[in-house]
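[1] Let me see the structure of the following:
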Amino acid sequence: MSRKETKPRADIYARITDRIAADLERGVRPWVQPWNAANTAGRITRPLRHNGMPYQGINVVLLWSEAVSRGFTSPIWMTFKQAAELGGHVRKGETGTMVVYANRITKTETDEHGDDVERAIPFLRAYIVFCVDQIDNLPDHHYGRPAPNGVPAQRIAHADAFFANTGATIRHGGDKAYFAPSLDIIQMPPFESFRDAESYTATLAHESVHWTAPAHRVNRDLSRYAKARSERAREELVAELGACFLCADLDIVPELAPRPDHASYLASWLDVLSNDKRFIFSAAAHAQRAVAYLHGLQPDSGMVREAA
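    Okay, the predicted model is just below:
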């Protein structure tokens with residue numbers, strides 16, 4: 001691939017990384033902020049495409065962050081063309097938000113033996129979308145707001161069922177939450193010690209993402225987790241993002257105050273981001289893969305499909 005071809009992709013990585021780094025420097029985790037925003041008092045969801053399909057990976061982080069910073073209340077986003085096809089009009093003066101599409105193309109080449117071989121070439125493309133809040137004259141159902149959930153029960157039955165269906169061994173006791181790879185267990189404090197059922201679920205979601213790491217699951221390398229601070233920071237970011245994605249999928253609105261052990265990772269994340277412009281993309285992709293794996297263990301798997 002030529003230098004001319006790689007530069008636009010590098011610019012996309014840099015632009016998105018710089019934006020997220022700016023949030024972190026202010027002490028704001030952009031993938032968490034929407035949970036505490038007053039304009040999301042209804043049911044929390046992932047950002048949605050014009051057809052109702054949820055965005056995945058890094059695009060979830062980008063659109064959540066943009067919605068909060070600009071005060072958007074609708075979770076639905078679409079391109080200028082999609083809005084026009086639905087009879088809508090992006091209001092004059094509105095500016096769009098960049099999202100990305102990543103995929104691979106297959107190219108046939110001749111090797112040194114003269115044989116044809118296929119090589120997968122990754123590519124990244126950026127495009128612009130607008131929130132429904134910026135668009136007039138769309139069909140009425142695009143403007144509907146999800147009804148707020150009722151007062152939650154002491155336990156959240158559908159969330160409990162979700163984690164039970166994963167088959168993970170979850171033990172309760174003590175005052176710390178963690179995944180123990182050597183025993184392949186998730187350790188959780190007693191349910192009664194949490195502020196509410198949502199906080200319990202968010203914490204269990206975080207540890208469940210860690211649980212997906214072993215080779216017989218999604219095969220995310222944790223061999224250096226205990227030895228290198230930067231590797232711990234990487235894995236904790238994957239678990240943070242995965243927990244947020246999963247809570248959105250389960251319609252859970254937790255009070256995601258930074259855990260003391262995670263607040264210390266801010267400096268590490270900034271350090272890694274400054275040296276690796278693809279770090280946040282990789283973390284979001286790993287988080288998406290972990291969440292998809294957990295969904296795949298459900299009897300009605302397929303709730304969240306692979307998409308950009």
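[2] Look up the pLDDT of Y127 for me, please.
    For Y127, the model assigns a pLDDT of 93.
[3] Repeat that for the one 4 residues further on.
    Per-residue confidence for C131 comes out at a pLDDT of 94.
[4] In contact with the nearest residue to it once chain neighbours are set aside, which residues?
    Taking CB to CB, 6 or more residues apart in numbering, and ignoring the residues beside it in sequence, C131 has F72 as its nearest neighbour in space, at 4.4 Å. Quick note: C-beta positions are derived from backbone N, CA and C, even for glycine. The contact partners of F72, taken as CB atoms under 8 Å, 6 or more residues apart in numbering, are 39, 66, 131, 133-134.
[5] tell me which of those is nearest to Q154?
    For Q154, the nearest member of those is N39. The distance, counting by CB to CB, is 28.1 Å.
[6] still on that earlier bit, distance of the residue nearest to C131 from A205?
    25 Å (CB to CB, to the nearest Å).
[7] what does V61 give?
    Noted for V61: a distance of 16 Å to A205, by CB to CB.
[8] do R125 as well
    As defined by CB to CB, R125 lies at a distance of 31 Å from A205.
[9] what about these two, which has more around it?
    For R125 versus A205, the count of surrounding residues by other CB atoms under 10 Å is larger for A205: 26 against 13.
[10] Does that one belong to a helix, a strand or coil?
    The three-state label given to A205 by DSSP: H, G, I helix; E, B strand; the rest coil is helix.
[11] again with P122
    For P122, the reduced secondary structure class is strand; criterion used: three-state DSSP.
[12] Would you check that it makes contact with A102?
    Yes - proximity of P122 to A102 meets the contact threshold set by CB atoms under 8 Å, at 6.9 Å.
[13] higher neighbour count, these two?
    For P122 versus A102, the count of surrounding residues by other CB under 10 Å is larger for A102: 17 against 10.
[14] Which strand residues bridge that one?
    A102 has these beta-bridge partners by DSSP bridges: L124.
[15] Quickly note the distance from it to G52.
    Distance check for A102 against G52: by CB to CB, it reads 21 Å.
[16] Using the three-state scheme, assign H295.
    Following three-state DSSP, we place H295 in the helix state.
[17] For burial, what's the neighbour tally of it?
    Using other CB under 10 Å, H295 has 19 neighbouring residues.
[18] is it true that it touches D249?
    Yes - when contacts are counted by CB under 8 Å, H295 is listed as touching D249 (7.3 Å).
[19] how about the helices in the chain?
    3-25, 58-70, 80-85, 157-165, 197-211, 229-249, 260-263, 265-275, 279-296 (DSSP state H).
[20] In JSON lines, list those helices along with mean pLDDT and distance to D184.
    Rendered in JSON lines, the data for the helices of the chain read as follows (pLDDT from 0 to 100; distance: least, CB to CB, whole Å):
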{"stretch": "helix 3-25", "mean pLDDT": "68", "distance to D184": "32"}
{"stretch": "helix 58-70", "mean pLDDT": "85", "distance to D184": "28"}
{"stretch": "helix 80-85", "mean pLDDT": "96", "distance to D184": "45"}
{"stretch": "helix 157-165", "mean pLDDT": "95", "distance to D184": "15"}
{"stretch": "helix 197-211", "mean pLDDT": "93", "distance to D184": "8"}
{"stretch": "helix 229-249", "mean pLDDT": "87", "distance to D184": "16"}
{"stretch": "helix 260-263", "mean pLDDT": "55", "distance to D184": "21"}
{"stretch": "helix 265-275", "mean pLDDT": "76", "distance to D184": "24"}
{"stretch": "helix 279-296", "mean pLDDT": "92", "distance to D184": "15"}
